[in-house]
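K.L.:
Structure here, sequence nowhere to be found:
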Ligand SMILES: NC(=O)c1ccc[n+]([C@@H]2O[C@H](COP(=O)([O-])OP(=O)(O)OC[C@H]3O[C@@H](n4cnc5c(N)ncnc54)[C@H](OP(=O)(O)O)[C@@H]3O)[C@@H](O)[C@H]2O)c1
């Protein structure tokens, strides 16, 4: 079984209100992406790539060199959208069976959680958590209610059969259709069942300034085990 | 087998620490760094070398640019870096009005900048193992020392660096210790207090004993604080 792992590192800092791409912002003293690299650096038998925009390649390579990780990750140039970046990343995994996709701005997935996803017998699997609040369809007025017990908060990492994911991407490209993440796309094009593994509430995506505040708290409690007295 | 790097090992506290660490059965490789080849060789001659590899690295820590290649080579040679004892230090006591720019630069270059760069390079190879770093600061770094401005300021920096690194490296299981010896009978102390009788004060071996205790695997509680290492004056002397 040939396995690959891609870390999507394409974010720009707009929503954070900062000029710097989100993944380079410091969280608990280190760039957000470095948290992710530390979690996946020692996963055995897996080829690791970081998919980033061309203008961030040298910065990302520098960050790898500073951490003595240059021989564990390869930087690959992504595309203009998230979907294109995954598609470009897949071209690196020609001849591979399975690929794990993760995002550079989800720093709180443990190595054990990555390993559990990889080891799960399902060929396609994602992490998902229940939705603890009520969601409705609507804009200015409520248009439709939704049963939150039937909904899932879709998380990453996600694991897919490479051939099936590629087929789904080809179909989406042919139709010019855009999906926000790959499990929905795979499902839409009938490329096999996608298993949902129970995710944790710690697995937040750092997108807004308040997430950094939450992130610091999660780091000290969850990663350091509540080290401060 | 653990690899332990010790700076300032050509004399004083660094030499005593090297000799003491050579008695630690967990430590298989000792890398001794200082400028004086003769001093390093004399340290080696006093160490217990049974089954140990002892490497002498005559190196000027002020040459910051050469540090990465030196550390890389050590890691390649021994396969790991498990302990780093930052003991090397420089002192040139002078009152503010007599302090030269050169004195300030050299003091910070050796006591602070080299310590940071060496630590940075070692951590690249230490990560994800239960490793330990020990920085030798000084009581001069936490109290006022008229006449020792540059030295005292540099040691305050070492205390601060140790605090920050304790938290920054906690995730990797790397423990960071800071010790602040009081007066201890060495060449450096003789520069700072030429009139003092060295036989009346703490000896380098006493500090080395504390260092060895902190480096033990079962010592897990004393990191992250600046430990004052001192001996009460000997009555009647
Ligand atoms: N003695 C005290 O009372 C006392 C009290 C508090 C803290 N301390 C601290 O304890 C540490 C050890 O000092 P010590 O008292 O043992 O003094 P020491 O006998 O003068 O030893 C200083 C050591 O640092 C090394 N060193 C200095 N500059 C260097 C450079 N540019 N490159 C490489 N190595 C260099 C010296 O080796 P080479 O000359 O061979 O290069 C020597 O081995 C120092 O950090 C000092 O500040 C001492």
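P.N.:
Received it, and whenever you're ready, just let me know what you need. Since we're looking at a predicted model, the values are computed, not measured. Residues are numbered from 1 along each chain as shown, chains lettered A, B, ... in the order given.

K.L.:
Return the set of buried residues in whichever strand or helix holds residue A:187.
P.N.:
Element membership for residue A:187, per DSSP states H and E: helix A:182-188. Of the residues in helix A:182-188, those buried by neighbour count under the rule 16 or more other C-beta atoms under 10 Å in any protein chain shown are A:182, A:183, A:185, A:186. All C-beta atoms are positioned from the backbone trio N, CA, C, and that covers glycine.

K.L.:
Stretch B:126-135 too?
P.N.:
Of the residues in stretch B:126-135, those scored as buried under the neighbour-count criterion (16+ other C-beta under 10 Å) are B:126, B:127, B:131, B:132, B:133, B:134, B:135.

K.L.:
go on, stretch A:125-139?
P.N.:
Of the residues in stretch A:125-139, those with enough neighbours to count as buried (16+ other C-beta under 10 Å) are A:125, A:126, A:127, A:128, A:129.

K.L.:
By mean pLDDT, point me to the weakest helix or strand of chain B.
P.N.:
Using mean pLDDT, DSSP states H and E, helix B:187-192 stands out as the lowest-scoring helix or strand of chain B, at a mean of 94.

K.L.:
could you point out which element follows that one?
P.N.:
Tracing the chain past helix B:187-192, the next element assigned as helix or strand by DSSP H and E is helix B:204-215.

K.L.:
Other residues contacting that next one?
P.N.:
The set of residues external to helix B:204-215 that reach it, using C-beta atoms under 8 Å, 6 or more residues apart in numbering or on different chains, is B:4, B:12-13, B:15-17, B:19-21, B:23-24, B:83, B:85, B:132, B:134, B:177, B:179, B:181, B:184-186, B:219, B:222-223, B:227, B:229, B:231.

K.L.:
let's see it at 6 Å
P.N.:
For helix B:204-215, contacts defined as C-beta atoms under 6 Å, 6 or more residues apart in numbering or on different chains pick out B:12, B:13, B:16, B:17, B:20, B:83, B:132, B:177, B:181, B:184, B:186, B:229.

K.L.:
Check which residues of that helix are buried.
P.N.:
By 16+ other C-beta under 10 Å, the buried positions in helix B:204-215 come out as B:204, B:206, B:207, B:208, B:210, B:211, B:212, B:214, B:215.

K.L.:
Check stretch B:223-237 too.
P.N.:
Within stretch B:223-237, the residues that qualify as buried are B:223, B:224, B:226, B:227, B:229, B:230, counting by 16+ other C-beta under 10 Å.

K.L.:
Now render those as a markdown table, adding pLDDT, distance to residue A:175 and secondary structure.
P.N.:
Shown next, in a markdown table, are the buried residues of stretch B:223-237 (pLDDT from 0 to 100; distance: C-beta to C-beta, whole Å; DSSP: H, G, I helix; E, B strand; the rest coil):
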| residue | pLDDT | distance to residue A:175 | secondary structure |
| --- | --- | --- | --- |
| B:223 | 96 | 58 | coil |
| B:224 | 95 | 57 | coil |
| B:226 | 97 | 64 | strand |
| B:227 | 97 | 67 | strand |
| B:229 | 97 | 72 | strand |
| B:230 | 95 | 76 | coil |
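
K.L.:
what's the closest of those to the ligand?
P.N.:
Nearest to the ligand, judged by C-beta to the nearest ligand atom, of those is residue B:229 at 8.2 Å.

K.L.:
out of everything not next to it in sequence, what's closest to the closest one?
P.N.:
Of all residues not flanking residue B:229 in the chain, residue B:181 sits nearest, at 4.6 Å (C-beta to C-beta, 6 or more residues apart in numbering or on different chains).

K.L.:
can I assume the one you found is in contact with residue B:228?
P.N.:
No. Judged on C-beta atoms under 6 Å, residue B:181 makes no contact with residue B:228 at a distance of 8.1 Å.

K.L.:
So the nearest residue to residue A:54 once chain neighbours are set aside versus the ligand, what's the distance?
P.N.:
Beyond its immediate neighbours in the sequence, the residue positioned closest to residue A:54 (C-beta to C-beta, 6+ apart) is residue A:77, lying 5.1 Å away. Here the distance between residue A:77 and the ligand works out to 44 Å (C-beta to the nearest ligand atom, to the nearest Å).

K.L.:
what sits opposite residue A:77 in the beta ladder?
P.N.:
Residue A:77 forms beta bridges with residue A:52, as assigned by DSSP bridges.

K.L.:
now do residue A:26
P.N.:
The residues listed as beta-bridge partners of residue A:26 by DSSP bridges are residue A:31.

K.L.:
tally of neighbours for it?
P.N.:
11 (other C-beta atoms under 10 Å in any protein chain shown).

K.L.:
That one and residue B:8, how far apart?
P.N.:
32 Å (C-beta to C-beta, to the nearest Å).

K.L.:
quick one, phi/psi of residue A:37?
P.N.:
The main-chain torsion angles of residue A:37 are listed as degrees, to the nearest 10 and equal phi -60, psi -40.

K.L.:
ok, how many other residues are close to it?
P.N.:
With neighbours defined by other C-beta under 10 Å, the count for residue A:37 comes to 23.

K.L.:
Quick check: nearest residue in space to it, chain neighbours excluded?
P.N.:
residue A:69 (6.0 Å).

K.L.:
Let me know the pLDDT of that neighbour.
P.N.:
Each residue has a pLDDT score; the one for residue A:69 is 96.

K.L.:
likewise residue B:117?
P.N.:
Taken from the predicted model, the pLDDT recorded for residue B:117 is 98.

K.L.:
mind listing the helices for the chain?
P.N.:
Looking at chain A here, since you left the chain open. Listed in chain order, the helices found in chain A under DSSP state H are A:32-40, A:57-66, A:82-91, A:111-119, A:162-175, A:182-188, A:209-218.

K.L.:
ah, I was thinking of chain B
P.N.:
Under the criterion DSSP H, chain B carries helices at the ranges B:12-21, B:37-46, B:67-78, B:101-108, B:114-126, B:149-168, B:187-192, B:204-215.
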